[in-house]
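S.K.: requesting a structural model of the entry that follows:
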Amino acid sequence: MPSILSPLQLTAAVALLQNQGLKPFPAALATAIQSFNATTVISNFLAAVSFYKAQSFATESTLTSLLSIGATVCPALGNSIPEDPIGSYPYLDSEYLINYLGTADGSTIDPSGFSNLIEQTCAAYLGNGDAGQFGQGFVAVQGYIASTNQYINSSVNVNQYLGPLFTNMDDLVTANIASMSTDLPNYGVDLANQGNLWNMSKLDLYGTPAGLLQQISALAGIRGRAVPDLQNAMISMGLSATDIASLVNDNRVGLNNPTGLTQNEFDKLQLLAYNATTMISGDALTQILDILGVTTPNIDSLDDLLNPVIMFPLSYASLQTPSPDGAVPIFNSTGAVNSNIVPVVNSYLPTTSGCDELGKIIPPAQATANKAIQVAFQQMNNIPNTTLPRLAETVLGNVDNPWNATQPYLANAVVANGDPVPTYYRATADVPAGTDINNTAYWTPTTLGGLSTMANLPLIQAQTTPVDTSVTDYISTTMATGTGPDGTVTTYDVLGLALDTDDFATRLTDVADVIDGLGTGLDDLSQIYIDMLSAANDAAMITLIASANAEIASISSVHPAQVTTLNTDWVYMANLMNLSAKYTTEAGIDYFLLQPGDKNSVYSFVQNLPNYGLLTANGNAAEFLENIADTITLGGQAIVGVMREGSNNARLSTAGLYNTNQIPSNPEIAPIPVIDPVT
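M.R.: Residues are numbered from 1 along each chain as shown. Predicted coordinates:
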């Protein structure tokens, strides 16, 4: 029995289980954080934070104020998350400015300044050196990205893809079946009663004598001729056996039948055949109706099968055909065919005189109605691959099963009673023979659960586009915030900090250089931070926090250019950090509470690696993992190798090929050496 692991996957898994194979914390970023933290003013600030957190008088609100020094003016000088008017970062605030003085929070984050948050977040994305934690987060992130991007891509494409074809939501959710009738229950009954009257794969012959003849012969199991009574009637109309064979065999000229009859020649034969159908009634008609499975009432002669008013007795008034302006009625309020639809119907047919051509064979009104019905059927998705009975069952929810009082039924059996419009009943228990349908101890009226429209949902029914603009606007502004095409989210958007792909190292180095360049201009602020180390109580700390904020405001007015540079770099990092925190929050992942030493996450990650190898778009999983794999090591190379293997497997599969790289977990026989050793 084959396992699901390849040799490369085993190698990758063993490396990860030993916390090998992934690159460590980016060296340049670590150096930049260290350099920033080592500046005089920030090192004094960090000391003040550490001092305050250790005091018994410390409070949550004062700690939050301490961690927010300069946030509204120059957050870099207070190592804080920017606030209005500099910026608004709710996801960072909710992740960072919470009560760390209590014991409820079990996360690994240490609130000692924004630079430390950058360091701790990067470390967390890398799993803090724990491959199990890395796997937990990465697998969850990929699930979030895949789901989110489905919504983004669907929102971008929905109106462009579906818009040109969209008429209304009823049509959209019923494969356009609802566009053909405004009375689906009765329409379904009429379809069910028609049995196998028409071959839905030959809709160009719908409502024609040739289409009817071909279906009768096909279901009767005869070739090149009609059933005897119909054959004789057509011969009496002047058709030869060869003519009848041409009709039954659909001998029309075409690409695969260059010697066939022209459409005009074929139609002349159809006219004679139609005259013959008017002669078929009585037992001959009953035989043909049985062959077709037609149970429609009030059929007096075979030509009635070509009359939509007779064949759709319950629903013909509800029938519609498509037009550029939406579905239009085939019949008017008097029950007559709507003559205004002729040019509309012809515009959907191969020839612009389709209704007129059929009108030379059968009555013109019937010809127009049949062509309109043909066009309506052709709008149904994949209609050539179904049958009338299957279509009827789809519309109704079940095939008509007439109730018989002399027959017993099992519980949950569904039967129909009534004519011409059946009422459906479901058995509430096993029904003995002779039980009346109105006996509620056994039978209860029911619906069959056929196609549903958007009835009683007026806002949905009123839509003129598949999706309202309020929906697409929400997705484009709230969800489509990534750097991928159309705002899709990439792996780098969420976890890019793990590789410092947005170059925080350069920004922090720039900030440190500007702070160093201010020199003595920061002495007063630095002294305030030093004074915090002597705060005797919370009130004293609050006073010093206010002094620090006032001093930062003064520095901003004296050194506006330097403060602008600091704010530009700080806001750049805060924007990306906040967006990353937004994604992990929406994904339900708290990177500071991941379970250490989780082997199952390593197994899951390795098993998913072949699939990640298929995600090769810019910024996607394959690129990210290739960059984060430590390819100096065997395990890191195996991570990349597994993804390449997955890509190869997909390519081989398309050609019907496959690798024999899965390790049997239960070999049935011992492996045989390629060459027997010489003894």
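S.K.: read off the pLDDT value for the residue sitting nearest the centre point of the chain.
M.R.: When the chain is reduced to its mean C-alpha position, the nearest residue by Cα atoms, centre = their mean turns out to be residue 150, at 5.3 Å. Among the per-residue scores, residue 150 holds a pLDDT of 96.
S.K.: and what of the one 4 residues further on?
M.R.: According to the model's per-residue confidence, residue 154 sits at a pLDDT of 94.
S.K.: the one 3 residues further on now?
M.R.: For residue 157, the pLDDT comes out at 91.
S.K.: and it, which of the three is it?
M.R.: Per DSSP: H, G, I helix; E, B strand; the rest coil, the secondary structure class of residue 157 is helix.
S.K.: need the three-state assignment for residue 644.
M.R.: Per three-state DSSP, residue 644 ends up helix.
S.K.: for it, give me its contacts.
M.R.: residue 613 (Cβ atoms under 8 Å, 6 or more residues apart in numbering). Any C-beta I mention is one placed from the backbone N, CA and C, and that applies to glycine too.
S.K.: next: residue 258.
M.R.: Residue 258 makes no contacts at all, as judged by Cβ under 8 Å, 6+ apart.
S.K.: please report how far it lies from residue 307.
M.R.: 35 Å (Cβ to Cβ, to the nearest Å).
S.K.: list the buried residues of the helix or strand residue 271 falls within.
M.R.: If you go by DSSP states H and E, residue 271 is part of helix 263-277. Of all the residues in helix 263-277, those buried under the rule 16 or more other Cβ atoms under 10 Å are 266, 267, 268, 269, 270, 272, 273, 274, 275, 276, 277.
S.K.: next one: stretch 363-383
M.R.: 364-380, 383.
S.K.: so what's residue 360 up against?
M.R.: Each residue near residue 360 by Cβ under 8 Å, 6+ apart is listed here: 267, 271.
S.K.: distance of it relative to residue 28?
M.R.: Noted for residue 360: a distance of 84 Å to residue 28, by Cβ to Cβ.
S.K.: again, but for residue 87
M.R.: Residue 87 is 25 Å from residue 28, by Cβ to Cβ.
S.K.: higher neighbour count, these two?
M.R.: Looking at residue 87 and residue 28 with other Cβ atoms under 10 Å, you find the greater number of neighbours at residue 87, namely 18 against 15.
S.K.: wait, is the more buried one part of a strand?
M.R.: No. Using three-state DSSP, the assignment for residue 87 is coil, not a strand.
S.K.: count of residues packed around the closest residue to it other than its chain neighbours?
M.R.: Leaving aside its chain neighbours, residue 87 sits nearest to residue 571 (5.3 Å; criterion: Cβ to Cβ, 6 or more residues apart in numbering). For residue 571, the neighbour count with other Cβ under 10 Å is 17.
S.K.: need the strands for the protein, in chain order.
M.R.: 320-321, 328-329, 414-417, 423-427, 443-446 (DSSP state E).
S.K.: what residues sit buried inside the fourth one?
M.R.: Neighbour-count burial for strand 423-427 flags 424, 425, 426, 427 (criterion: 16+ other Cβ under 10 Å).
S.K.: from these, which is closest to residue 627?
M.R.: Closest approach between these and residue 627, by Cβ to Cβ: residue 426, at 61.4 Å.
S.K.: wait, doesn't the closest one sit right on residue 449?
M.R.: No. Using Cβ atoms under 8 Å, residue 426 is not in contact with residue 449, being 10.7 Å away.
S.K.: list the contacts of stretch 412-423.
M.R.: 185-186, 189, 297, 313-314, 398, 400-403, 409, 424-427, 431, 437, 445-446, 448.
S.K.: give me the ChimeraX select line for these, limited to the buried ones.
M.R.: Entered in ChimeraX, the line below selects the buried ones among the contacts of stretch 412-423, by 16+ other Cβ under 10 Å:
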select :185,186,189,313,314,398,400,403,409,424,425,426,427,431,437,446,448
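S.K.: just the contacts of stretch 412-423: which are in helices?
M.R.: Counting by DSSP state H, these place 185, 186, 189 in helices.
S.K.: nearest to residue 460 among those residues?
M.R.: residue 185 (20.5 Å).
S.K.: from residue 229, how far off is residue 284?
M.R.: On the measure of Cβ to Cβ, residue 284 and residue 229 end up 4 Å apart.
S.K.: grab the nearest non-local neighbour of residue 298.
M.R.: Per Cβ to Cβ, 6+ apart, closest to residue 298 is residue 310, 6.4 Å.
S.K.: list the residues that contact that neighbour.
M.R.: 296, 298, 299, 304.
S.K.: for the last one, give its distance to residue 483.
M.R.: In this structure, residue 304 and residue 483 are 66 Å apart, going by Cβ to Cβ.
S.K.: need the contact list for residue 610.
M.R.: With Cβ under 8 Å, 6+ apart, residue 610 has these contacts: 9, 642, 643, 645, 646, 649.
S.K.: now pLDDT and neighbour count too, for those residues, in a markdown table please.
M.R.: As requested, those are exported to a markdown table (pLDDT from 0 to 100; neighbours: other Cβ atoms under 10 Å):
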| residue | pLDDT | neighbour count |
| --- | --- | --- |
| 9 | 94 | 25 |
| 642 | 94 | 28 |
| 643 | 96 | 25 |
| 645 | 93 | 20 |
| 646 | 92 | 22 |
| 649 | 89 | 17 |
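S.K.: among these, which one lies nearest to residue 201?
M.R.: Checking the contacts of residue 610 against residue 201 with Cβ to Cβ, the nearest one is residue 649 at 37.5 Å.
S.K.: hang on, the closest one packs against residue 657?
M.R.: No. Assessed by Cβ under 8 Å, residue 649 is found out of contact with residue 657, at 9.4 Å.
S.K.: name the residues contacting each of these two.
M.R.: Between them, residue 649 and residue 657 share no contacting residue, judged by Cβ under 8 Å, 6+ apart.
S.K.: and residue 179, what are its phi and psi?
M.R.: phi -70, psi -20 (degrees, to the nearest 10).
S.K.: run a quick neighbour tally on it.
M.R.: Number of residues near residue 179 (other Cβ under 10 Å) recorded here: 21.
S.K.: do I have it right that it meets residue 169?
M.R.: No. Residue 179 is not in contact with residue 169 according to Cβ under 8 Å; the separation is 11.3 Å.
S.K.: tell me the contacts of the closest residue to residue 129 other than its chain neighbours?
M.R.: Distances taken as Cβ to Cβ, 6+ apart place residue 19 nearest to residue 129, at 5.8 Å, with adjacent residues excluded. Taking Cβ under 8 Å, 6+ apart as the contact definition, residue 19 lies against 129, 130, 131.
S.K.: quick check, nearest of these to residue 387?
M.R.: Looking across these and measuring by Cβ to Cβ, the closest to residue 387 is residue 131, at 56.3 Å.
S.K.: what about the closest one, distance to residue 19?
M.R.: 5 Å.
S.K.: the helices in the stretch 351-500 of the chain, which residues?
M.R.: Assigned by DSSP state H, counting those that start in this stretch, the helices in the stretch 351-500 of the chain fall at 354-359, 364-378, 388-396, 458-461, 469-474, 491-495.
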